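**Q** Fold the following, please.
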Amino acid sequence: SSKFSPWMNLGCISPIFIHNEMMKLSKSSDSSDWLIVEMMFRDYFLFHHNLYGDKYFYLSGVRMGQGMPSDDYWNEDVDKFNAWKEGRTGVPFIDANMRELKETGFMSNRGRQCVASFLAHDLKVDWRWGAAYFERELLDHQVSSNYGNWIYIANQRYFNTLKQCKVYDSK
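**A** I've put the predicted structure just below:
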């Protein structure tokens, strides 16, 4: 995480400024390219949220790609949710990311996607619970990006936790 997003959310720094400074300082690299892509997604979700309005907060709200699973796909298992948010799932990669969030208020984008997918598709807990928890815990929370990413994950994006762990956390 670049840690720029809290400052962008408050209007202290703009994505255009960050982009221009990155272009001055370095040649294109994977990390700078990904930062630019993430800033573009941030703007995309602002426009997307503006288009769909309060549907962003409905269980079966906005459909993307294959579409949101039916409402009966999701459960309201408080014990599973609490284990997830407290970093007690038994899956080290998921648990480490959730503890990092609780302790620091930050989590990498890849971590956010993986823990969101785990809650939504492995535990099948109502994805909005996860989005609301992120809203409460993330120092860089931005409504449109947060809910937009959760909607995307809940609709169509499953992350294989074991594969992600091998690729991004091989320790």
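**Q** Going by C-alpha atoms from here, please, whenever you check contacts or count neighbours.
**A** Fine.
**Q** so where is the protein shaky, pLDDT-wise?
**A** By pLDDT under 70, the weakly predicted segments of the chain are 1, 26-32, 61, 64-68, 157, 165-166, 168-171.
**Q** For it, give the helix that spans the most residues.
**A** helix 30-52 (DSSP state H).
**Q** Show me which residues of that one are buried.
**A** Ser32, Leu35, Ile36, Met39, Phe41, Arg42, Phe45, Leu46, His48, His49 (16 or more other CA atoms under 10 Å).
**Q** quick one: which of these is nearest to Tyr58?
**A** His49 (12.4 Å; CA to CA).
**Q** Who are the contact partners of the closest residue to that closest one other than its chain neighbours?
**A** What sits nearest to His49 in space, not counting adjacent residues and going by CA to CA, 6 or more residues apart in numbering, is Ser144, at 5.7 Å. Counting by CA atoms under 8 Å, 6 or more residues apart in numbering, Ser144 touches Arg42, Phe45, Leu46, His48, His49.
**Q** Go through those and say which is closest to Gly87.
**A** Closest to Gly87, out of all of these and judged by CA to CA, is Arg42, at 26.8 Å.
**Q** Could I get the contacting residues of the closest residue to the closest one other than its chain neighbours?
**A** What sits nearest to Arg42 in space, not counting adjacent residues and going by CA to CA, 6+ apart, is Ser145, at 5.6 Å. Residues near Ser145 by CA under 8 Å, 6+ apart: Phe41, Arg42, Phe45, Leu46.
**Q** now Ser2
**A** Leu35.
**Q** before we move on, which element is it in?
**A** Secondary structure from DSSP states H and E places Ser2 outside every helix and strand.
**Q** Between the contacts of Ser144, which sits nearest Met8?
**A** Arg42 (10.3 Å).
**Q** Kindly provide the distance from the residue nearest to Arg42 to Val125.
**A** 20 Å (CA to CA, to the nearest Å).
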